[in-house]
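Visitor: Structure of the sequence below:
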Amino acid sequence: MLNFCCPVCKEELKLDGRTYRCINNHCFDCAKQGYVNLLQSNKSKSKRHGDDKLMIEARTEFLNTDSYKPLCDLMCELLKKYVPQNASVLDAGCGDCYYTEKIEKALADKNASIAGIDISKFALIAAAKRSKNIRLAVASVFALPTADFSCDAVLNVFSPFAPEEYNRVLKSGGVLLRVIPLENHLFFAQKGGI
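Guide: Below you'll find the model as predicted:
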């Protein structure tokens, strides 16, 4: 199972009720919406992190039209082919978990452990509505709250690219699935093709 790590001491976090706790007794409470905030705000100069509520609502409304279903289907197909049984999959920059939730269902027969992180708490509030089985944390892709060599797959879908972090958390032989936007990616989605 893919577990989160403490952003303070890097030790594994264990879920105790609605609180994540490490052996050094650093504690992080789960929000009522179903995510945990592991972003160390004191290391960030920004008062606002990631997309705001209106941006997330607009993106969720668009994604729910299934304009990117062909892309999502291809991602599911690739992951089913390349990840092992009992895989640990991390969606780094999961947004509202449109892709993550479909990947979770596609990998159900592999008993995969799925987690998503995003820097926007509003994205994770929306993500928690898609699935109760995906563990969610507010965190940066540049400081992933997972142990070294703990992931069989890392997803980087239209999110900032942090190759050093992905390399750190991927197991030997692990898979990085990266999707990048091109100049006309929204145009093609509206026309029914990717």
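Visitor: lowest-confidence helix or strand of this protein?
Guide: helix 185-190 (a mean of 54; mean pLDDT, DSSP states H and E).
Visitor: Now stretch 130-150: average pLDDT?
Guide: For stretch 130-150, the mean pLDDT works out to 95.
Visitor: average model confidence for the strand or helix carrying Lys171?
Guide: Element membership for Lys171, per DSSP states H and E: strand 170-179. Average pLDDT, strand 170-179: 96.
Visitor: That strand pairs with which strands, and in what direction?
Guide: strand 151-157 (parallel) (DSSP bridges).
Visitor: Return the set of buried residues in the strand it pairs with.
Guide: Within strand 151-157, the residues that count as buried by 16 or more other Cβ atoms under 10 Å are Cys151, Asp152, Ala153, Val154, Leu155, Asn156, Val157. C-betas here are computed from N, CA, C, even on glycine.
Visitor: try stretch 155-173
Guide: Leu155, Asn156, Val157, Ser159, Ala162, Glu165, Tyr166, Val169, Leu170.
Visitor: And for the closest residue to the second one other than its chain neighbours, the neighbour number?
Guide: When you say that, I think you mean Asn156. Of all residues not flanking Asn156 in the chain, Arg178 sits nearest, at 4.5 Å (Cβ to Cβ, 6 or more residues apart in numbering). Arg178 has 14 neighbours, counted by other Cβ atoms under 10 Å.
Visitor: cool, and Cys30?
Guide: For Cys30, using other Cβ under 10 Å, the count is 18.
Visitor: Adjust the sequence numbering to begin at 35 for everything that follows.
Guide: New numbering, starting at 35: the last item is Cys64.
Visitor: If it is in a bridge, with which residues?
Guide: Bridge pairing for Cys64 - DSSP bridges - gives Val70.
Visitor: Can you tell me how far it is from Arg55?
Guide: Distance, Cys64 to Arg55, using Cβ to Cβ, to the nearest Å: 11 Å.
Visitor: so which strand or helix has Ala92?
Guide: Applying DSSP H and E, one finds Ala92 within helix 87-97.
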